[in-house]
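Participant: Here is the input, now give the coordinates:
(chains A and B)
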Protein chains: 2
Amino acid sequence: MVKEKILVTGGAGFVGSHLVEELVCSSYSVTVLDDLSNGSRDNLRSVIDRIKFKLADISRKDWISKIPRAHVVFHLACHPRSFSFANPQKDVCVNLIGSVNVLEYARKHDARIVFSSNSGIYGPCVLAKENDAASCLTPYDVDKYSTELMLGAYNKQYGIKSIIFRFATIYGPRQRVNEKYGWRPVVATFATRLLRSRPVTIFGDGHQTRDLVYVKDVSDALLRSIRYKGDFDIFNLSTGRETKVIDVFRMVSRFVGVKASPRHGPPLPGDIRRMSYSNEKIRRKLGWRPRTSVEEGIRLTVDAMRKEAARVRKWVQDSGALS
Amino acid sequence: MVKEKILVTGGAGFVGSHLVEELVCSSYSVTVLDDLSNGSRDNLRSVIDRIKFKLADISRKDWISKIPRAHVVFHLACHPRSFSFANPQKDVCVNLIGSVNVLEYARKHDARIVFSSNSGIYGPCVLAKENDAASCLTPYDVDKYSTELMLGAYNKQYGIKSIIFRFATIYGPRQRVNEKYGWRPVVATFATRLLRSRPVTIFGDGHQTRDLVYVKDVSDALLRSIRYKGDFDIFNLSTGRETKVIDVFRMVSRFVGVKASPRHGPPLPGDIRRMSYSNEKIRRKLGWRPRTSVEEGIRLTVDAMRKEAARVRKWVQDSGALS
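Facilitator: Below you'll find the predicted structure:
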């Protein structure tokens, strides 16, 4: 059987690079499109010789004609949520016009799209289901939801097939903290700071909850979607469980091996008090379930970040020795 | 009492110019922002000495800092629906990024926004209500609905006040047919062609219905919204009645005074079979109701277009005589 050709936008990013590794392991032919604004080639170092890499900005349509046919596009490239009120025009450009470009590419090549949407579009919620109404709090939420609607319009008009995953709060090895982009994912931020013996700030009282899903469970779901035969479908990609931010802090501290207390800052704009999303539909229709407990996932993340820090330290030392 | 300062985006267009006339009559201080891509200065000839005009593209944010404070922004500028699949990126640029620019302007000046949304976002429907689910068929629908969500996000985040009108099918004097933009509004297209003794093509069988609302009734509703004290509200702006396209053709033929039969072409992409929208909410909360019957409105439109054609003919003759 000839394996599908795959295009991964944002493939050098956190989720993208885990997915690309899985795809390469499963012998798919993979092209990565990334502008490296938040991802890095280093994320792909284990597979870089076995993929094609295209440096391009998703929001500029010139890439559409330059990338050969793929059968499936994993569309993961995005401008981060935490920065979206600071530059809402850029958010629309990357997150919606970028998606329109992906749709035009898919139309040209009759490709299917697997899109990374955001469960933040529900607003505050407990066990939200896919048919629940959206309550967008930020330009990012609007642009993610708009992309879902755009995928729907192209499906009705041209029959372009799409699967939409509404990601819960993903965490795991290789997740970046990017202060420049105001991107402070909870597990990675706490681990990065505590591993460097730096103070941790929790915005709000820490009792806000997140539905934390481990990145390897996410790439497992994405991989399964290649074989899914639906025409247009939306799935929450979540554990259905709530974890308090303060409890994340405690687990990270324990695995880092420090006794620390967090500072508290004011709640962030658009921050959501409670988040959890039903995964009944994805269990039923894709046969997927989360395999990694939050405790296990945080342990794996802290271990990986510790190893990565040691690797970087060694690289810096070796470079110094050579110079 | 000092009257509010008003900014009208797309104020040189069809609906915009009728609104600007009403505003000037009611002694408001009016600035029009328009790129004249579809509107024209000629639409504003009766008021041009009593308004400020700014030639600018709504999608480029440089205008935000150049226009002095307004208290209310009527945001009517848009890229037309019928062209949205041909250039979906441009549609997002004008219709969503343009709206984000209006929101950033409103944020800067603490202005209220009155936004012209589109009842096409419901998809095919009979007496749709404001809380009904959206079913977007084109990039234009997505961008209009996304703007509503963006207005909602800015309302929650910054308290920016908005009133959203979901326009039914508006018709009346001064509506343009713009083949370049693929813009063929039903009454104006039929009247333009029949007044020139040209054949008329109906796309589909002509039994598709429209909820036709007369432009003077629309500008009346917009004017009322200045005094409305709501924080964030959505209104259908409609008659709640369905008129078949073939019946529009018959009425236009009668008022033009010709006996003609239409050709039939294939249905257009994203065309909607049945459209009507409940106006119960706008009647109750704004005290508005449509005052012009479809028959009366079509008669007024044909008369105005006949006079306009005579005016243009005379102008051409006079120019010829002078040259």
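Participant: what's A:D303 in contact with, if anything?
Facilitator: Going by C-beta atoms under 8 Å, 6 or more residues apart in numbering or on different chains, A:D303 touches A:F255. The way it works is simple: take the backbone N, C-alpha and C, and place the C-beta from them, glycine included.
Participant: and it, that's in a helix?
Facilitator: Yes - under DSSP: H, G, I helix; E, B strand; the rest coil, A:D303 falls within a helix.
Participant: number of nearby residues for the closest residue to chain B within the stretch 151-300 of chain A?
Facilitator: Nearest residue of the stretch 151-300 of chain A to chain B: A:A153, at 5.2 Å (C-beta to the nearest C-beta). Around A:A153 sit 25 other residues, with neighbours defined as other C-beta atoms under 10 Å in any protein chain shown.
Participant: isn't there a helix covering it?
Facilitator: Yes - according to three-state DSSP, A:A153 belongs to a helix.
Participant: Setting aside sequence neighbours, what's the nearest residue to the closest residue to chain B within chain A?
Facilitator: Nearest residue of chain A to chain B (C-beta to the nearest C-beta) works out as A:S146 at 4.0 Å. The shortest distance from A:S146 to any non-neighbouring residue, by C-beta to C-beta, 6 or more residues apart in numbering or on different chains, is to B:S146 (4.0 Å).
Participant: One more: A:Y105?
Facilitator: If the residues on either side of it in the chain are set aside, A:Y105 comes closest to A:I64, at 4.8 Å by C-beta to C-beta, 6+ apart.
Participant: Hmm, that neighbour is touching A:K108, no?
Facilitator: Yes - A:I64 lies in contact with A:K108 (C-beta atoms under 8 Å); the separation is 6.8 Å.
Participant: Which one's more surrounded, the two?
Facilitator: A:I64 (17 against 12).
Participant: Let me know the secondary structure of that one.
Facilitator: The three-state label given to A:I64 by three-state DSSP is helix.
Participant: how about it, what does it touch?
Facilitator: A:101, A:104-105, A:108.
Participant: quick one: the helices in the stretch 201-323 of chain A?
Facilitator: Here the stretch 201-323 of chain A has its helices, by DSSP state H, counting those that start in this stretch, at A:215-225, A:245-256, A:280-286, A:294-322.
Participant: Please save the CA atoms from the second one in PDB.
Facilitator: In this case it means helix A:245-256. C-alpha atoms of helix A:245-256 as PDB (Å, rounded to 0.1, in the frame of the first residue of the first chain):
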ATOM      1  CA  VAL A 245      -3.100  25.400  38.300                       C
ATOM      2  CA  ILE A 246      -1.900  25.400  41.900                       C
ATOM      3  CA  ASP A 247      -1.900  21.600  41.800                       C
ATOM      4  CA  VAL A 248       0.200  21.700  38.600                       C
ATOM      5  CA  PHE A 249       2.600  23.900  40.500                       C
ATOM      6  CA  ARG A 250       2.800  21.400  43.300                       C
ATOM      7  CA  MET A 251       3.400  18.500  41.000                       C
ATOM      8  CA  VAL A 252       6.100  20.300  39.000                       C
ATOM      9  CA  SER A 253       7.800  21.400  42.300                       C
ATOM     10  CA  ARG A 254       7.800  17.800  43.500                       C
ATOM     11  CA  PHE A 255       9.300  16.300  40.300                       C
ATOM     12  CA  VAL A 256      11.900  19.200  40.100                       C
END
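Participant: what's the burial count for A:V316?
Facilitator: 10.
Participant: Could you do A:G159 as well?
Facilitator: By the criterion of other C-beta under 10 Å, A:G159 has 11 neighbours.
Participant: Contact partners for the residue nearest to it when sequence neighbours are not counted?
Facilitator: The shortest distance from A:G159 to any non-neighbouring residue, by C-beta to C-beta, 6+ apart, is to A:D231 (7.9 Å). Residues in contact with A:D231 (C-beta under 8 Å, 6+ apart) are A:155, A:159, A:161.
Participant: Counting neighbours, what do you get for the residue nearest to the residue of the stretch 151-300 of chain A closest to chain B when sequence neighbours are not counted?
Facilitator: Closest residue to A:A153 apart from its sequence neighbours, by C-beta to C-beta, 6+ apart: B:C136 at 5.2 Å. By other C-beta under 10 Å, 25 other residues sit near B:C136.
Participant: So B:C136: helix, strand or coil?
Facilitator: coil.
Participant: wait, doesn't it sit right on B:E148?
Facilitator: No - using C-beta under 8 Å, B:C136 is not in contact with B:E148; the gap is 11.2 Å.
Participant: Quick one: residues contacting A:C93.
Facilitator: Residues in contact with A:C93, defined by C-beta under 8 Å, 6+ apart, are A:59, A:79, B:97.
Participant: my guess is the second one is in a strand, correct?
Facilitator: Spelled out, that is A:H79. No - under three-state DSSP, A:H79 sits outside any strand and is assigned coil.
Participant: just to revisit the earlier point, so the residue of chain A closest to chain B is in which element?
Facilitator: helix A:139-158 (DSSP states H and E).
Participant: Now the element after that helix, going C-ward?
Facilitator: Note on helix A:139-158: by DSSP H and E, the next helix or strand toward the C-terminus is strand A:162-167.
Participant: what's the helix holding A:S146 packed up against?
Facilitator: helix A:88-92, helix A:98-109, strand A:112-118, strand A:162-167, strand A:232-237, helix B:139-158 (3 or more C-beta pairs under 8 Å, 6 or more residues apart in numbering or on different chains; DSSP states H and E).
Participant: May I see those organised as a markdown table, with distance to B:S319 and mean pLDDT added?
Facilitator: Shown next, in a markdown table, are those (distance: least, C-beta to C-beta, whole Å; pLDDT from 0 to 100):
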| stretch | distance to B:S319 | mean pLDDT |
| --- | --- | --- |
| helix A:88-92 | 44 | 97 |
| helix A:98-109 | 44 | 98 |
| strand A:112-118 | 55 | 98 |
| strand A:162-167 | 55 | 98 |
| strand A:232-237 | 56 | 98 |
| helix B:139-158 | 37 | 97 |
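Participant: hang on, the earlier thing: got JSON lines for the contacts of A:I64, with distance to B:F249 too?
Facilitator: Below are the contacts of A:I64 laid out as JSON lines (distance: C-beta to C-beta, whole Å):
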{"residue": "A:N101", "distance to B:F249": "39"}
{"residue": "A:E104", "distance to B:F249": "35"}
{"residue": "A:Y105", "distance to B:F249": "40"}
{"residue": "A:K108", "distance to B:F249": "38"}
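Participant: So which of the residues you listed wins on neighbours?
Facilitator: Result: A:N101 is most packed of the contacts of A:I64 (other C-beta under 10 Å), 25 neighbours.
Participant: what's the closest of the contacts of A:C93 to A:I246?
Facilitator: Proximity of the contacts of A:C93 to A:I246 (C-beta to C-beta) peaks at A:H79, which lies at 28.8 Å.
Participant: Burial check on the residue nearest to the closest one when sequence neighbours are not counted, number of neighbours?
Facilitator: The shortest distance from A:H79 to any non-neighbouring residue, by C-beta to C-beta, 6+ apart, is to A:V94 (3.8 Å). By other C-beta under 10 Å, the residues close to A:V94 number 24.
Participant: ok, A:V94 - contacts?
Facilitator: Taking C-beta under 8 Å, 6+ apart as the test, what A:V94 contacts is A:57-59, A:77-79.
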